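>>> quick one: sequence and predicted model below, then my questions.
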Amino acid sequence: MYSHELFHTLHQLSRQLTNKLNEALKPFGLFNAQWAVIFVLNKRGSLTQKELCDYLFVEAPPMTRTIQRLVKQGYVKQVPGIDKREKHVQLTQEALKLYPEWENAVNKVNQGLLKHFPSASQEELSKLQKSWLHQLL
């Protein structure tokens, strides 16, 4: 029974965190899924759609829609790879210019969510999350 409550609470927490992030990104016309792609591309550089899917644990159809929205917004572009069947997704100059503003909004909401959570607890939670994710992979 305890595990059911643990996962139920995790799901509730995930939804709340996603909603808070979406609120912070709304003025920029972005949502959580788009921010995740932008963040990863900024951190890791040009990636294929498959690499993005694998890294973010997202299936291809929703990733395709997210990338299409970002292309339409002018924030990512698709560049043909060596193998013409695959395209690399990368941030545009416009996205790179706006990235610090987006990141600032995300950092602000994250800091607000953690302000009553002691630093030691944050570190422990981070270690537990990384360990659990590593075990699942």
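That came through fine.

>>> chain center to the host helix or strand of residue 11: distance?
Element membership of residue 11, judged by DSSP states H and E, is helix 2-25. Centroid separation for helix 2-25 versus its chain: 15 Å, with Cα atoms, centre = their mean, to the nearest Å.

>>> ok, now stretch 109-124?
Here the centre of stretch 109-124 is set off from its chain's centre by 19 Å, with Cα atoms, centre = their mean.

>>> list the buried residues in the helix holding residue 11.
Residues 21, 24, 25 are the ones in helix 2-25 that count as buried (16 or more other Cβ atoms under 10 Å). Placement of C-beta: from N, CA and C, glycine included.

>>> which residues in the protein form strands?
For the chain, the strands defined by DSSP state E occupy 47-48, 76-80, 87-91.

>>> which among those strands is found nearest to residue 31?
With Cβ to Cβ as the criterion, residue 31 lies closest to strand 76-80 of the strands of the chain, at 14.2 Å.

>>> just give me the neighbour total for residue 114.
For residue 114, the neighbour count with other Cβ atoms under 10 Å is 13.

>>> mean neighbour count, the strands of the chain: which tops it?
Among the strands of the chain, strand 87-91 has the highest mean neighbour count (mean count of other Cβ atoms under 10 Å), at a mean of 18.

>>> what's the angle between that strand and strand 76-80?
In terms of direction (axes from the mean of the first three to the mean of the last three Cα atoms, to 10 degrees), strand 87-91 departs from strand 76-80 by 150 degrees.

>>> which strands and helices sit next to strand 87-91?
helix 32-44, strand 47-48, helix 49-56, strand 76-80 (3 or more Cβ pairs under 8 Å, 6 or more residues apart in numbering; DSSP states H and E).

>>> rebuild the strands of the chain as CSV, extending it with mean pLDDT.
Formatted as CSV, those follow (pLDDT from 0 to 100):
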stretch, mean pLDDT
strand 47-48, 95
strand 76-80, 93
strand 87-91, 94
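
>>> any chance of these in JSON lines, plus distance to residue 119?
Below are the strands of the chain laid out as JSON lines (distance: least, Cβ to Cβ, whole Å):
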{"stretch": "strand 47-48", "distance to residue 119": "32"}
{"stretch": "strand 76-80", "distance to residue 119": "35"}
{"stretch": "strand 87-91", "distance to residue 119": "32"}
